[in-house]
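[1] how does the following fold in three dimensions:
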Amino acid sequence: MKHPIIRFSLDSKPNKHGEHQIFAFISIGYFEVDYTKEVKKYKSDTKDYKPIKISTRCRIKPEHFGRYLVKGNRKVLVYDEKIFNQYARTNRFLKTRLQKITNAVNDVANQFYTEEINPTHKQFKDALEIKLDRSEKEVIKERPVLEFLYDKIKSDRKDLEMKKKGALTENHIKTYVSLSRMFENYQIATKSIVKFSDFNDKAFYWNFFRVVDAIYRDEIQVDNPNQPKKQRKSPTGYGVKSLNKYIKLLHRVLSLGKKSGENVMLDLSDERLSLENPPAEKEIYLNEQEIKLAIENRTNNEDFKIARQYLIMASFMGLRIDDMEQLHKLSPKYYKGKRSSFYGIQISIGKTKSEVIIPLLKPVRDILKENNNQFPVFKERVVNVSIKKFAKFLKIDTPEKKIKISFNQGKIISEGIPKYELLTTHDCRRSFITNLLNNGVSGERIKYITHPKKVDNKDMIALYNKANLIDKAEAFLEELKLASSEIYYY
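    The predicted structure follows:
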């Protein structure tokens, strides 16, 4: 620890009398390493020095504190001891208060010198608050964000286990787990504990994501005991679209923290705290001929079997992976419409918290027959790997283009990638929408299945009237009859 250097400065906001609060900035040589800074000449180029800021609990008008200097295009107020001393002759308590802080800083520094401790920013500030006889209540004891995240994940899993209304799905909970891994990695890399108030500083906010991205690019190596498996890496780092999902998730955590009394002053509605979402990284879908290949190629290979079933069912039901994972808990049945009856399934869509009845088209009914009239069990991680292998087996390998907007490197275009390498579970949902549109089915009929509207809980008639769901499903089937598809029929 270096000998403390104290600088007094005024807050930017005056009170109704034109007086500004005086703050003390204490530099003790404490710094954190900013791994995103370029080392131009020395390793010290990456050091980010952090002074300790405390209130003196005094107010003063600028003209009694110092004088203005012109620095470039700015007019800056700087402390002038001569001006201040002249004013302090008639307001001696001000000088006494500032001297008391100076003495306390020196006493705390001597204490750490004696104990041969090199204090952190927080350790020095906490010791100084105690030395100044500030009540324990005024010394803010902040909770680490990671600790808050752990408790939230634990609580969410308990809610899911108890089947509480509005409980998060397991996949949604996993996104919070991924965010907690980011915090673990950041803290290991920077040897620090992240608090809620740290995010009140926009520089820290963006530096957090830069460090996390550098870890993902393997520019910074961390050994995280909570991640025993080989950690995923990417030389191009996070895509902007992917990182925006974590930014949105972090905002949710900060908002929850603020509600529970944590020190969060950040304006979460500020658009500058998010990245501009780029267009889709890829524009691929499975056309009818490719889906037909999957229908016609039955296999005994267990990996291929689950991939085939998922590929077919998701391409004919238009569901997200979260909802596909819930299907095995449900049982299909016949529904009587105004014109005819049809075989379908009623499911609650996780993302929109809305109910929908989906008619089960012929290829889906065939899968059910193969599976003793039960829906297969799907798990996202397994399916995402196996459908790529199955698509490669089917020779779905047309060359495709992928555009990635990287957080660190900007626009990256990759061409000539075989389609099977890019295929994910969500592309099956895209296939459902695109193929039906190509066959002349209206977007409104498709949206009934893919984007059902949430029923108003206060509207009891709408809430209990399931006939409306049946009518919409039947209207979808009636329009499908007019299509000229080889595979999309009831």
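
[2] now do the helices in the stretch 251-400 of the chain.
    Along the stretch 251-400 of the chain, the segments classed as helices by DSSP state H, counting those that start in this stretch run 288-296, 302-317, 321-324, 362-370, 380-393.

[3] packing partners of the second one?
    In other words, helix 302-317. helix 288-296, helix 321-324, helix 362-370, helix 380-393, helix 425-438 (3 or more Cβ pairs under 8 Å, 6 or more residues apart in numbering; DSSP states H and E). For glycine as for every other residue, the C-beta is placed from the backbone atoms N, C-alpha and C.

[4] what pLDDT does Tyr186 get?
    pLDDT recorded at Tyr186 is 95.

[5] in contact with it, which residues?
    192, 194, 208, 211-212, 215 (Cβ atoms under 8 Å, 6 or more residues apart in numbering).

[6] what subset of those is buried?
    When these are checked for burial by 16 or more other Cβ atoms under 10 Å, the buried set is 194, 208, 211-212, 215.

[7] so which of these are in helices?
    208, 211-212, 215 (DSSP state H).

[8] how about those residues in JSON lines, adding pLDDT and distance to Leu266?
    Putting these into JSON lines (pLDDT from 0 to 100; distance: Cβ to Cβ, whole Å) gives the following:
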{"residue": "Phe208", "pLDDT": "95", "distance to Leu266": "12"}
{"residue": "Val211", "pLDDT": "95", "distance to Leu266": "18"}
{"residue": "Val212", "pLDDT": "95", "distance to Leu266": "18"}
{"residue": "Ile215", "pLDDT": "94", "distance to Leu266": "23"}
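
[9] for the residues you listed, which one is nearest Val78?
    The shortest approach to Val78 among these belongs to Phe208, at 32.3 Å (Cβ to Cβ).

[10] isn't that closest one up against Ser192?
    No - counting by Cβ atoms under 8 Å, Phe208 stays clear of Ser192, with 10.5 Å between them.

[11] just the helices of the stretch 251-400 of the chain: most buried one?
    The highest mean neighbour count among the helices of the stretch 251-400 of the chain, using mean count of other Cβ atoms under 10 Å, belongs to helix 302-317: a mean of 22.

[12] that one vs helix 425-438, what angle?
    Angle between the axes of helix 302-317 and helix 425-438 is 40 degrees (criterion: axes from the mean of the first three to the mean of the last three Cα atoms, to 10 degrees).

[13] after the longest helix seen in the chain, which helix or strand is next?
    Longest helix in the chain by number of residues (criterion: DSSP H): helix 92-114. Sequence order places helix 121-131 as the next helix or strand after helix 92-114, per DSSP states H and E.

[14] show me what that following helix is packed against.
    By 3+ Cβ pairs under 8 Å, 6+ apart, helix 121-131 packs against strand 52-60, helix 92-114.

[15] tell me where the stretch 201-350 of the chain has strands.
    Assigned by DSSP state E, counting those that start in this stretch, the stretch 201-350 of the chain shows strands spanning 333-336, 341-349.

[16] the ones you listed: which one's closest to Arg232?
    Of all the strands of the stretch 201-350 of the chain, strand 341-349 comes closest under Cβ to Cβ, at 28.8 Å.

[17] related to what we said a few turns ago, out of the helices and strands packed on helix 121-131, which one sits most buried?
    It is strand 52-60: most buried of the helices and strands packed on helix 121-131 by mean count of other Cβ under 10 Å, with a mean of 16.

[18] quick check: neighbours of that strand in the sheet, parallel or antiparallel?
    If you go by DSSP bridges, strand 52-60 pairs up with strand 20-27 (antiparallel).

[19] okay, the angle between the strand it pairs with and helix 121-131?
    Going by the same axes, to 10 degrees, strand 20-27 makes 120 degrees with helix 121-131.

[20] now do the buried residues in strand 20-27.
    20-24, 26-27.

[21] okay, the strands of the stretch 201-350 of the chain, which one's buried deepest?
    strand 341-349 (a mean of 18).

[22] by contact count, what packs against that strand?
    strand 333-336, strand 354-359, helix 467-481.

[23] angle of the last one against helix 425-438?
    This means helix 467-481. Using the same axes, to 10 degrees: helix 467-481 against helix 425-438 is 70 degrees.

[24] send me helix 467-481 as CSV with only the CA atoms.
    Extracted C-alpha coordinates of helix 467-481, given in CSV (Å, rounded to 0.1, in the frame of the first residue of the first chain):
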residue,chain,number,x,y,z
ALA,A,467,-64.1,-24.0,-27.6
ASN,A,468,-62.2,-21.0,-28.9
LEU,A,469,-59.0,-23.0,-28.9
ILE,A,470,-60.7,-25.8,-30.8
ASP,A,471,-62.2,-23.4,-33.3
LYS,A,472,-58.7,-21.9,-34.0
ALA,A,473,-57.2,-25.4,-34.4
GLU,A,474,-59.9,-26.4,-36.8
ALA,A,475,-59.5,-23.1,-38.8
PHE,A,476,-55.8,-24.0,-39.2
LEU,A,477,-56.7,-27.4,-40.5
GLU,A,478,-59.3,-26.1,-42.9
GLU,A,479,-56.7,-23.7,-44.4
LEU,A,480,-54.1,-26.5,-44.6
LYS,A,481,-56.5,-28.5,-46.8
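
[25] what bits of the stretch 101-250 of the chain have low per-residue confidence?
    135-141, 228 (pLDDT under 70).

[26] just the helices from it, written as ranges.
    Using DSSP H, counting those that start in this stretch, helices in the stretch 101-250 of the chain cover 121-131, 145-161, 170-190, 202-216, 240-259.

[27] for Tyr488, find the nearest of the ones you listed.
    helix 170-190 (27.5 Å).

[28] which one, of the helices and strands packed on helix 302-317, ends up nearest to Phe199?
    helix 321-324 (28.5 Å).

[29] now Lys13: closest residue in space, sequence neighbours ignored.
    Once flanking residues are discounted, Lys13 sits nearest to His20: 7.2 Å by Cβ to Cβ, 6 or more residues apart in numbering.

[30] and what of Phe390?
    The nearest residue in space to Phe390 (Cβ to Cβ, 6+ apart) is Ala307, at 3.7 Å.

[31] before we move on, what about Ile193?
    Closest to Ile193 by Cβ to Cβ, 6+ apart is Pro144, at 5.1 Å.

[32] and if you look at Arg143?
    Closest to Arg143 by Cβ to Cβ, 6+ apart is Glu262, at 6.2 Å.

[33] and that neighbour, what's its pLDDT?
    84.

[34] now do the contacts for it.
    142-143, 148, 196-197.

[35] Gly72 versus that one, what's the distance?
    38 Å (Cβ to Cβ, to the nearest Å).

[36] follow-up on the earlier one: save the helices and strands packed on strand 341-349 as TSV, and put in mean pLDDT and distance to His426 too.
    Below are the helices and strands packed on strand 341-349 laid out as TSV (pLDDT from 0 to 100; distance: least, Cβ to Cβ, whole Å):
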stretch	mean pLDDT	distance to His426
strand 333-336	94	28
strand 354-359	92	17
helix 467-481	89	21
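
[37] ok, the residue nearest to Asn226 when sequence neighbours are not counted - how many residues close by?
    Closest residue to Asn226 apart from its sequence neighbours, by Cβ to Cβ, 6+ apart: Glu184 at 5.8 Å. Residues contacting Glu184 under the criterion other Cβ atoms under 10 Å number 17.

[38] can you give me the distance of Glu184 to Cys58?
    42 Å.

[39] got the contact list for the nearest residue to Phe148 once chain neighbours are set aside?
    Ranked by Cβ to Cβ, 6+ apart and with sequence neighbours excluded, the top spatial neighbour of Phe148 is Gly257, at 5.8 Å. Counting by Cβ under 8 Å, 6+ apart, Gly257 makes contact with 143, 145, 148, 196, 264.
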